[in-house]
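In: fold the stuff below for me.
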Amino acid sequence: MHTSASAGLTVVSQDFPDHGAIPQKFTCDGENLPPQISIADVPSKTLGLALIMEDPDAPGGTFTHWIVFHLPAQVRLLSQGTAPQGARQGRNDFDKTGYGGPCPPPGRAHHYLFHVYALDRQIELPDGATRKDLEQAMKGHVLAEGSLTGLYGRRQ
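Out: Presented below is the predicted three-dimensional model:
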């Protein structure tokens with residue numbers, strides 16, 4: 001997705017800094033809970049938000065860990081461990097609906113990108129929709145986007 005606006009969203013977490021280590025609690029080696037995500041600099045014309053979390057370093061190509069859409073435009077915080085009320089979640093590449101935390105093979109740390117999109121419409125897809133479904137629905141409707149990157153690796 002590319003933004004048609006020059007401004008970007010600010011995406012941060014109280015749980016880890018940008019390009020910092022994701023705590024084990026948010027991974028398959030811990031409680032496998034989604035971290036807290038804060039969103040700022042949302043354009044005034046935003047009618048909905050969406051989030052895609054991915055691992056571009058996965059051995060088989062980019063791996064989708066979390067898809068959240070139908071987020072109200074006024075949402076500025078995704079609380080630790082939950083998706084906001086009214087939000088819908090898509091099917092990740094673990095073939096489950098909802099969050100699937102970092103779980104890379106042992107070795108070097110992987111990058112986990114939390115992409116947030118401000119949209120000029122609300123995405124009306126059912127729970128369990130695929131990333132492809134969401135990207136198709138967002139096409140031409142992205143006002144701004146931003147991302148947060150976390151790192152996680154497992155020992156040999």
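In: contact partners of the lowest-mean-pLDDT helix or strand in the chain?
Out: Taking mean pLDDT, DSSP states H and E as the measure, the chain has strand 77-78 as its least confident helix or strand, at a mean of 92. Strand 77-78 is contacted from outside by 34, 36-39, 51, 68, 84, using C-beta atoms under 8 Å, 6 or more residues apart in numbering. Backbone N, C-alpha and C define where each C-beta goes, glycine included.
In: please repeat the previous calculation with a cut-off of 7 Å.
Out: 34, 36-38, 84 (C-beta atoms under 7 Å, 6 or more residues apart in numbering).
In: from these, which would you call buried?
Out: 34, 36-37, 84 (16 or more other C-beta atoms under 10 Å).
In: quick one: which of those sit in strands?
Out: I37 (DSSP state E).
In: name the nearest of the buried ones among the contacts of strand 77-78 relative to A109.
Out: P34 (19.0 Å; C-beta to C-beta).
In: verify the stated contact: that closest one with G81.
Out: Yes - with contact defined as C-beta atoms under 7 Å, P34 counts as touching G81 (6.4 Å).
In: give me phi/psi at A137?
Out: phi -70, psi -30 (degrees, to the nearest 10).
In: which pLDDT value belongs to it?
Out: Note on A137: pLDDT of 97.
In: all strands of the chain, in order?
Out: Going by DSSP E, the chain shows strands at 10-12, 20-21, 37-40, 48-55, 63-72, 77-78, 88-89, 110-119, 142-152.
In: quick one on the thing from earlier: given the least confident helix or strand of the chain, what are its sheet partners and their directions?
Out: strand 37-40 (antiparallel) (DSSP bridges).
In: T64 and D93 touch, don't they?
Out: Yes - T64 is within contact range of D93, at 4.7 Å (criterion: C-beta under 7 Å).
In: N92 and I22, how far apart?
Out: Using C-beta to C-beta, to the nearest Å, N92 is found at 16 Å from I22.
In: and if you look at G98?
Out: 17 Å.
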